[in-house]
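>>> need the 3D shape of this:
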Amino acid sequence: MIAMEYAIVRLQRGESRHLMSQPDRLQLTIDYFMPSHSHAFPDWPFDSPVNAISYCTAKVVKGQSPIRQVSHDKDGDWQFLDATTDEPEECMILCMGCVFERDPSLQEIADLPVGWAAFRQDKGEPWERWENPEDEEDAIDG
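Residues are numbered from 1 along each chain as shown. So this is what the prediction gives:
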């Protein structure tokens, strides 16, 4: 369980914006905290690597709330959220393996296409899926 704790990198207000603009530095930061961190699942259901980063809320990471909302962002990133907050200071990073280890039922949404999201009322409930609307910023840029 100690290795799992190393997988958690708390993004503080202001630092997150800086790190997100430098993905190579973010990966180095995660590697620093997880030098011997690994997972071995016989049937990995996601297209993303098991050691890819994902964004979670603190309640999900600490086991205080189940994953109720998932987003497979247009940039390929995954978010696993409790659907109770959207505060940036609640953002924590966990590798995909740690998220799946906490909740293997996520295999049900592992095929979620890029740009889509899913929601369920609670763990064990069915997932509702939808395509995320294009952001105004994406429409301007793209």
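
>>> just read off the phi/psi values of the nearest residue to A58 once chain neighbours are set aside.
What sits nearest to A58 in space, not counting adjacent residues and going by CB to CB, 6 or more residues apart in numbering, is E90, at 5.1 Å. Bear in mind the C-beta positions are built from the backbone N, C-alpha and C, glycine included. Main-chain dihedrals, E90, degrees, to the nearest 10: phi -80, psi -10.

>>> next one: I93
Here I93 shows phi and psi, under degrees, to the nearest 10, equal to phi -110, psi 140.

>>> pretty sure it is touching T57, no?
No - assessed by CB atoms under 8 Å, I93 is found out of contact with T57, at 11.2 Å.

>>> ok, those two, which is more surrounded?
T57 (24 against 21; other CB atoms under 10 Å).

>>> quick one: the more buried one and F46, what's the gap?
With the distance defined as CB to CB, to the nearest Å, T57 ends up 19 Å from F46.

>>> so F80: helix, strand or coil?
strand (DSSP: H, G, I helix; E, B strand; the rest coil).

>>> next up, the contacts around it.
For F80, the contact set (CB atoms under 8 Å, 6 or more residues apart in numbering) comprises S54, Y55, C56, V60, I67, Q69, V70, L94, V99, L106.
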